[in-house]
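Novice: Okay, sequence plus prediction incoming.
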Amino acid sequence: MDSLSNKRIILGVTGGIAAYKSADLVRRLVKMGAEIRVVMTPAATEFVRPLTFQALSGNTVHSALVDSDAEAAMGHIELAKWADLLLVAPATANTISTLVQGRADTLLGAIYLALNAPTMIAPAMNQAMWHHPATISNLETLSRTGVEIIEPDRGSQACGDIGLGRMQEPSQIVDRVAARFHSEILLGRKLVITAGPTREAIDPVRYISNHSSGKMGYALAAAAVEAGAAVTLISGPVDIPPPDKCLLINVTSAEDMYEAAKKACGNGEIFVSAAAVADYRCIDISEKKIKKTKNVITMSLERNVDIVSRISTLKPNLYVVGFAAETENLIKNAKAKLHQKRLDAIIANDVSRPDIGFNADDNEVFWITKDIVKNLARDRKSRVCREIIQLIAAAFDEQKAAETSEEQTG
Ligand code: PMT
């Protein structure tokens, strides 16, 4: 089953008997690696105690719309910004109608309005309520606006009726949630991604490096896996766990990274160079630790191989995406690198800003090709990288289609 690691999910629990199943849902989502924040409507707290969800999710449960303590910790706007997905399970007829009307008189309603992430709902109600024209029309409205409806099950209901309206089983809901995070836009495509810094030795204990944490390259690898790609992640030394399901190759120096990338790109289709590769290395690496005897020492450095540039020359059929880490003239310098390094696209980020770029959790980038300059607004790296992967997939498909039509006409 697909993993949900690093996915941030708000679980909205509303006031129906099926709320007891939401406890199992939290347990399953957490087991798959998701981080869960539970938001309960006041009616839901009549069915299950918030403490149950707090214990299972490991986080405080949110329920009041106006709560100064909660607002100080994580208010409704912050919660909405935090989430990768809002899942409402069970979703009662009343909550469904609240969402349709866009009412913000409950915490859940306010979060839904402020959300910049997908919403899924798992309705649960009496079978007559489920078939009522008002419910049918409300669900159609939500569906039209992109809310995914997890259809209820048929069976005997708490009220004694038999029919459609039982909330879908937690295992089914979890499968649908996992599927929501996965697409097939790069299905079967072979991607090679470099990430993190390189280290160039000075002596056995010292090295030249930079501030790259690997977060950007690792988030790209995770997004590519979600999109169905077979990913080889070539990583410099970092302190973060690798995403699931990619082939991780650890390297240290630029030379190691080049050798690994050249080999992996041998049967790759797309190469993304997110690593902050050291441009220079020491000509003479001291075999012994350099002693602190002189006030001034001089080191001679030589240029490292330009990995992305060399690989785009060696493999002209590879779709090659570089990065540009700039502190001034962002777009102009990135366009120059796009051209000089013979790249298909380049992703420019301003590394003079402390809130984005090196070692930050967020990034704001520009996707640049020979025809396009597109801004991807500041957001968490995981989200920015999902957008980048969509752009790469679309551009790669376009290039393949153009090559096919050229072959047919020529
Ligand atoms: O790792 P994080 O902390 O999350 O930070 C992310 C990041 C800032 C490192 C990332 O977003 C980024 O900008 N990566 C590229 C860093 C860089 O080296 O940029 P550059 O402008 O110096 O190099 C241009 C391109 O050439 C890059 O694709 C780089 O990988 C590549 N390059 C550079 C030098 C070299 N010897 N070989 C290369 O392949």
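Specialist: Nice, thanks for sending it over.

Novice: roughly how far apart are residue 77 and the ligand?
Specialist: For residue 77, the distance to the ligand under the criterion C-beta to the nearest ligand atom, to the nearest Å works out to 26 Å. From N, CA and C alone the C-beta is placed, and that goes for glycine too.

Novice: who touches the closest residue to that residue other than its chain neighbours in this structure?
Specialist: If you skip the residues right next to it in sequence, residue 77 has residue 114 as its closest partner in space, 5.3 Å away by C-beta to C-beta, 6 or more residues apart in numbering. Neighbouring residues of residue 114 by C-beta atoms under 8 Å, 6 or more residues apart in numbering: 76, 77, 80, 81.

Novice: my read: the third one touches residue 109, true?
Specialist: In other words, residue 80. No. When contacts are counted by C-beta atoms under 8 Å, residue 80 is not listed as touching residue 109 (11.3 Å).

Novice: Give the rounded mean pLDDT of stretch 288-297.
Specialist: For stretch 288-297, the per-residue pLDDT values average out at 94.

Novice: For the longest helix along the chain, buried residues please.
Specialist: Under DSSP state H, the helix in the chain containing the largest number of residues is helix 381-409. Residues 381-389, 391-393, 395-396 are the ones in helix 381-409 that count as buried (16 or more other C-beta atoms under 10 Å).

Novice: Same question for stretch 140-155.
Specialist: Taking 16+ other C-beta under 10 Å as the neighbour-count basis, stretch 140-155 is seen to contain the buried residues 142, 147, 148, 149, 150, 152.

Novice: measure it end to end?
Specialist: With C-alpha to C-alpha, to the nearest Å as the measure, the ends of stretch 140-155 fall 23 Å from one another.

Novice: Repeat that for stretch 206-220.
Specialist: Terminal residues of stretch 206-220 lie 30 Å apart, using C-alpha to C-alpha.

Novice: still on that earlier bit, which ones among the buried residues of stretch 140-155 are found in strands?
Specialist: Restricting the buried residues of stretch 140-155 to those inside strands, with DSSP state E as the criterion, leaves 148, 149.

Novice: Same list (the buried residues of stretch 140-155) but as CSV, adding distance to the ligand.
Specialist: Putting the buried residues of stretch 140-155 into CSV (distance: C-beta to the nearest ligand atom, whole Å) gives the following:
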residue, distance to the ligand
142, 36
147, 33
148, 31
149, 37
150, 35
152, 42
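
Novice: Could you dump the buried residues of stretch 140-155 into TSV with pLDDT added?
Specialist: Formatted as TSV, those follow (pLDDT from 0 to 100):
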residue	pLDDT
142	98
147	98
148	98
149	98
150	98
152	96
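
Novice: Which one of the buried residues of stretch 140-155 is nearest to residue 302?
Specialist: For the buried residues of stretch 140-155, the residue nearest residue 302 by C-beta to C-beta is residue 148; the value is 55.2 Å.

Novice: Now do the contacts for that closest one.
Specialist: Listed by C-beta under 8 Å, 6+ apart, the contact set of residue 148 reads 118, 119, 120, 121, 176, 180.
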